[in-house]
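A.B. asks: here is the input, now give the coordinates:
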Amino acid sequence: MKFYGTFCFKILPYAIGLSLLSTGAVRAQNNTTLQDVQEIIAIVNDKLISVYDLDQRTKLLALAGGRRTISREELDYIKQQAMQALIDDRLKLQEAAKYDAVMPEKDVIASYENYAGRFQLDPDELEKQLNSAGVKKNTLLDQIRGTMAWQSVVGGLLEQQVNITDDEVYNFIDNLERNKGKDQYRVSEIYILVSDNAFRDQARANAVAIQQQLNEGSPFAAMAQQFSQASTAAVGGDLGWVMQDTLPTEVNEKLLTMSVGETSEPIETEDGIYVIQVTDRRQILTLNDNDIAVQLKHLLFAPEDGADGKFEALNKKVVAGVSDSQSCEMNDQDAAELGAKESGVLGTFRIGELPAEIREEILTLEEGAGTNLYQEPTGYRSFVLCGKEVPVVELPDYDDVLENLTQSRVQLIAKRHLRDLRRDAIVDYR
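C.D. replies: From the prediction side, this is the model:
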């Protein structure tokens with residue numbers, strides 16, 4: 001049985017959107033002039049946006065998309081997106097300042113350091129990577145400031161406007177019981193605000209361009225962080241688990257036709273345009289095999305051990321040898337007797353986190369038993385089941401439901417609040 005793509009699970013780190021650091025997308029340009037810094041391209045209420053600001057944000061957005069080459073048409077589109085992002089940042093910071101909700105600079109720096117850590121870089125290394133692409137550290141810090149300011153407004157001001165009644169909570173729980181066995185979806189979103197229908201065509205074109213970049217391999221989470229105008233942008237667009245009919249009607253209708261891993265075309269609603277991705281699906285109050293947790297060890301054999309017609313004999317020997325041990329406490333001597341070049345603990349994983357090729361067999365194993373050998377570039381590997389934990393399926397408690405409903409309502413209010421800020425803003429383009 002072939003298993004291509006080295007089995008790494010948590011052995012190798014995974015970083016979303018590392019394309020941010022791909023300097024092939026936009027070449028570093030060090031020809032910034034004093035005129036660029038001083039020349040004003042727009043005024044948002046009383047806050048300025050310079051040519052330099054636009055140039056820097058454009059480069060950052062281009063890098064986030066991971067594009068190796070950018071046409072003039074694509075660059076014009078990215079500039080439009082950069083301008084809208086800068087306008088939104090100014091509005092978010094102004095709104096935060098109005099309620100004294102601007103985040104302390106030490107928190108902004110801490111967020112920047114966490115951002116670097118997601119790419120297995122220290123902050124100085126991230127700054128060097130950005131500089132090599134012509135992006136200054138403060139450009140990313142400014143974006144972080146805008147995101148954190150908006151999170152502060154959403155969590156401090158808008159959440160206070162949400163009042164979930166006891167009846168709503170209990171009705172939600174009753175609805176779960178009535179819908180037991182029906183599908184529930186894990187969804188991520190990229191949301192493009194339409195504050196004025198006069199700009200709907202532009203928003204539609206932006207959404208189409210985003211979808212195209214996603215189709216070409218740009219990571220959804222990275223694109224959401226850079227382009228989405230919803231507060232979920234801070235978490236890569238993740239909406240969490242949603243039930244049918246909890247999203248806008250147009251989005252829900254499309255969701256019901258999608259499969260796991262699929263990304264939608266732009267979906268238009270009254271307030272804006274969505275691009276969504278289904279990252280998982282499960283049945284309400286129904287045990288999902290993908291949620292079962294398993295503890296695994298492994299045995300790895302050299303490529304030559306199974307070559308020249310020796311695979312079947314090796315496979316039979318390993319499966320029988322692991323079964324005969326009747327224990328998961330396989331020591332180095334056991335591995336050596338079977339001829340493994342490597343063995344050890346892999347860790348604990350949800351079945352849904354495992355490669356699809358091995359999930360079914362893992363589920364059929366008794367504790368202490370091992371799988372058949374799977375071929376990899378590095379050799380042949382057997383996975384040994386050391387433990388299994390089957391989750392208990394039960395109704396969520398009151399507090400969990402209250403939090404879920406509150407956050408859903410807050411997200412809706414936040415989108416409308418930003419739309420209102422955009423409509424009321426005085427933007428003077430130069």
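A.B. asks: domain parsing of this structure, as residue ranges.
C.D. replies: 14-161, 165-286+394-425, 289-389 (automatic domain parsing).
A.B. asks: mind checking the end-to-end distance for the last one?
C.D. replies: One end of domain 289-389 sits 11 Å from the other (CA to CA, to the nearest Å).
A.B. asks: name the helix or strand for the spatially most central residue of the chain, please.
C.D. replies: The chain has residue 221 as the residue nearest its centroid, 3.6 Å off, counting by CA atoms, centre = their mean. Following DSSP states H and E, the helix or strand that holds residue 221 is helix 220-227.
A.B. asks: only alpha carbons, please: show that helix as CSV.
C.D. replies: Only the C-alpha atoms of helix 220-227 are listed here, as CSV (Å, rounded to 0.1, in the frame of the first residue of the first chain):
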residue,chain,number,x,y,z
PHE,A,220,-7.5,30.7,2.8
ALA,A,221,-6.5,31.8,6.3
ALA,A,222,-3.8,34.1,5.1
MET,A,223,-6.1,35.7,2.5
ALA,A,224,-8.8,36.2,5.1
GLN,A,225,-6.4,37.9,7.5
GLN,A,226,-5.4,40.3,4.8
PHE,A,227,-8.6,40.9,2.8
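A.B. asks: helix or strand right after it?
C.D. replies: For helix 220-227, the following helix or strand on the C-terminal side (DSSP H and E) is strand 238-243.
A.B. asks: now the angle from the helix or strand that contains residue 412 to strand 238-243?
C.D. replies: Using DSSP H and E, the element containing residue 412 is helix 398-424. Angle, helix 398-424 to strand 238-243, by axes from the mean of the first three to the mean of the last three CA atoms, to 10 degrees: 120 degrees.
A.B. asks: show me what the helix or strand just after helix 398-424 is packed against.
C.D. replies: Going down the chain from helix 398-424, the next helix or strand is strand 427-429, by DSSP H and E. Applying 3 or more CB pairs under 8 Å, 6 or more residues apart in numbering; DSSP states H and E, we find strand 427-429 packed against strand 40-44. Using the backbone N, CA and C atoms, a C-beta is placed for each residue, glycine as well.
A.B. asks: what about the helix holding residue 221, distance to the chain center?
C.D. replies: Put simply, helix 220-227 sits 8 Å off its chain's centre (CA atoms, centre = their mean, to the nearest Å).
A.B. asks: avg pLDDT for it?
C.D. replies: Confidence for helix 220-227, expressed as mean pLDDT, is 86.
A.B. asks: now the helices for the stretch 251-400 of the chain?
C.D. replies: Remark: helices assigned in the stretch 251-400 of the chain by DSSP state H, counting those that start in this stretch are 311-325, 332-338, 356-364, 398-424.
A.B. asks: I'd like the average pLDDT over the third one.
C.D. replies: Summarised as a single mean, pLDDT over helix 356-364 is 93.
A.B. asks: in this protein, which helix or strand is least confident?
C.D. replies: helix 34-38 (a mean of 63; mean pLDDT, DSSP states H and E).
A.B. asks: low-confidence stretches in this structure?
C.D. replies: The model of the chain has pLDDT under 70 over residues 1-37, 65-69, 324-327, 330-332.
A.B. asks: before we move on, the earlier item: JSON lines for the helices of the stretch 251-400 of the chain, including mean neighbour count and distance to residue 121?
C.D. replies: Below are the helices of the stretch 251-400 of the chain laid out as JSON lines (neighbours: other CB atoms under 10 Å; distance: least, CB to CB, whole Å):
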{"stretch": "helix 311-325", "mean neighbour count": "16", "distance to residue 121": "40"}
{"stretch": "helix 332-338", "mean neighbour count": "14", "distance to residue 121": "36"}
{"stretch": "helix 356-364", "mean neighbour count": "14", "distance to residue 121": "31"}
{"stretch": "helix 398-424", "mean neighbour count": "16", "distance to residue 121": "31"}
